[in-house]
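J.: model this:
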Amino acid sequence: MPKLQKIIGHVLQQEQLKNDLAQGNVSHAYLFSGDRHLGKMSLALQFAFELLSTGVSEQQKPQVQSQFERLTHPDLLVLDQLWMEDVCENWEVIAKTSNVPQIHRSKAPKSKTDMISIDDIRALQERLMDTGSGTYRCCIIRSMERMADVAANAFLKILEEPPKGLIFLLTTEHQSSLLPTIISRTRVLPFQHLSRKDLKILLEGVAEDDQKFMSHIASGAPGMVVRLRDDPDLLRLHRTIHTTAQSFWRSDSLRERLQILAPLHKRGRESDDLLLHLGLTLREQNPAKICKSGPVFQQLAAGFQANTHRQLLAQRFALSID
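T.: Got it, this is the predicted structure:
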């Protein structure tokens, strides 16, 4: 469930949202843009809670927060985790982050990806027509880049003429992939990576060696620090992947390099994590290697973003490394 958390860093973004609310200058749509784990969704949830608490007495706020965190508040809609065949079919898990109807995704033809479809937008639109109970209603959509073109065009129509009092809080990791018309109808808040000093408060009580590794892996992303800190198994997994990635750069064997890159052939968490650690361990190499291999690694990452043939890209990348 979406627990409200203390926001680390992003002072300017927090101040802008606070001022917008105080001055009655709330936009009908905000776009929180930046890399993964920077705190975009956490701040979106925090701002949504503040909007839904407008006009609520201090005595009522605990009840509002309880409804908010259980996703039962009548003025809150969240489209986050999606039903996917053979990947995420547990409705109880999905209900912890999303409260927009998704039954249509489990019917033939069943959804096999986390792309937001036209049917998802239609299901959302039906809920948006409900009557609000307070000053504001909030609709949070995570990772707008998941929206298929036809879905994005349908959503644009809602964005152009939203119901009165409805505030959209949208997040994206890849703003450049969104329709320019959607971006132009939002107030964009860019999110940057935080300094190690900002992250230090999250690492209090953590062993020094783990602190260094977490800071290195997180690269200024507070959400990543929290995940590694709170999940020892995940921390061990990332240490293993990091060692494997180091082996890739040291290996003179094409066969070994191809074997290491095998997880990149398919989309998913394993592929994303390996790509992350390949980039991190490249920075650990000598300047000559960084200069020579950096551009081809960037081509690999860009190719994956453009949905180019993943296995072919990985093979070409392995062949290009001396």
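J.: Can you tell me how far the closest residue to A221 other than its chain neighbours is from R255?
T.: Leaving aside its chain neighbours, A221 sits nearest to H37 (3.7 Å; criterion: Cβ to Cβ, 6 or more residues apart in numbering). Any C-beta I mention is one placed from the backbone N, CA and C, and that applies to glycine too. Taken as Cβ to Cβ, to the nearest Å, the spacing of H37 relative to R255 amounts to 34 Å.
J.: out of the two, which sits in the busier spot?
T.: Comparing H37 with R255 by neighbour count (other Cβ atoms under 10 Å), the higher total belongs to H37, at 20 against 9.
J.: OK, contacts around the more buried one?
T.: With contacts defined as Cβ atoms under 8 Å, 6 or more residues apart in numbering, H37 is in contact with A218, A221, P222, G223, M224, R227.
J.: Tell me the buried residues in whichever strand or helix holds the last one?
T.: This points to R227. Here R227 sits within helix 222-230, counting by DSSP states H and E. Residues of helix 222-230 classed as buried by neighbour count (16 or more other Cβ atoms under 10 Å): P222, G223, M224, V225, V226, R227, L228, R229.
J.: wait, what's in contact with the second one?
T.: Neighbouring residues of G223 by Cβ under 8 Å, 6+ apart: R36, H37, L38, G39, S42.
J.: Then the fourth one?
T.: Residues touching V225, when contacts are defined by Cβ under 8 Å, 6+ apart, comprise L199, L202, L203, M214, S215, A218.
J.: What number of residues are in the vicinity of the first one?
T.: For L199, the neighbour count with other Cβ under 10 Å is 23.
J.: ok now do it, which residues does it touch?
T.: L199 sits next to I8, S215, A218, G220, P222, V225 when contact means Cβ under 8 Å, 6+ apart.
J.: looking at this, it is in a helix?
T.: Yes. Going by DSSP: H, G, I helix; E, B strand; the rest coil, the assignment for L199 places it inside a helix.
J.: Which pLDDT value belongs to it?
T.: Predicted confidence (pLDDT) for L199: 89.
J.: mind checking how far it is from H193?
T.: L199 sits 10 Å away from H193 when distances are taken as Cβ to Cβ.
J.: for the fourth one, same thing?
T.: According to Cβ to Cβ, M214 and H193 sit 14 Å apart.
J.: what's the closest non-adjacent residue to A218?
T.: Closest residue to A218 apart from its sequence neighbours, by Cβ to Cβ, 6+ apart: M224 at 4.1 Å.
J.: so what's the one you found up against?
T.: Shown here is M224, whose contacts under the criterion Cβ under 8 Å, 6+ apart are R36, H37, M214, I217, A218.
J.: any weak-confidence spans in the stretch 201-322 of the chain?
T.: Residue ranges of the stretch 201-322 of the chain with pLDDT under 70: 307-308.
J.: Correction: the previous question concerned the stretch 51-200 of the chain.
T.: Within the stretch 51-200 of the chain, the segments meeting pLDDT under 70 span 131.
J.: That one: helices as residue ranges?
T.: Using DSSP state H, counting those that start in this stretch, the helices found in the stretch 51-200 of the chain span residues 61-69, 91-94, 118-128, 149-160, 180-184, 196-199.
J.: right, and these - which one's nearest L79?
T.: Of all the helices of the stretch 51-200 of the chain, the one in closest proximity to L79, counting by Cβ to Cβ, is helix 118-128 (6.3 Å).
J.: same for that closest one, what does it pack against?
T.: Packed against helix 118-128, as judged by 3 or more Cβ pairs under 8 Å, 6 or more residues apart in numbering; DSSP states H and E, are the following elements: strand 76-79, helix 149-160.
J.: chain center to the shortest one, what's the gap?
T.: By that I understand strand 76-79. Once both centres are worked out by Cα atoms, centre = their mean, to the nearest Å, strand 76-79 turns out to sit 15 Å from its chain's centre.
J.: Residues contacting it, please?
T.: Outside of strand 76-79, the residues that reach it under the criterion Cβ under 8 Å, 6+ apart are 2, 48, 52, 67-68, 71, 97-100, 116, 120, 124, 127-128, 137-142.
J.: quick one on the thing from earlier: between the buried residues of helix 222-230, which is nearest Q285?
T.: When those are compared against Q285 (criterion: Cβ to Cβ), the nearest one is M224, at 22.2 Å.
J.: Run through the strands of the stretch 1-150 of the chain in chain order.
T.: Along the stretch 1-150 of the chain, counting by DSSP state E, counting those that start in this stretch, strands occupy 29-33, 76-79, 137-141.
J.: Export those strands as TSV, with columns for mean neighbour count.
T.: Formatted as TSV, the strands of the stretch 1-150 of the chain follow (neighbours: other Cβ atoms under 10 Å):
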stretch	mean neighbour count
strand 29-33	23
strand 76-79	23
strand 137-141	25
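J.: Out of the contacts of M224, name the ones that lie in helices.
T.: M214, I217, A218 (DSSP state H).
J.: Tell me how many other residues crowd the closest residue to the second one other than its chain neighbours.
T.: Taking Cβ to Cβ, 6+ apart as the measure, I217 lies nearest to H238, with 5.8 Å between them; neighbours along the chain are not counted. As a burial measure, the neighbour count of H238 was computed by other Cβ under 10 Å and equals 21.
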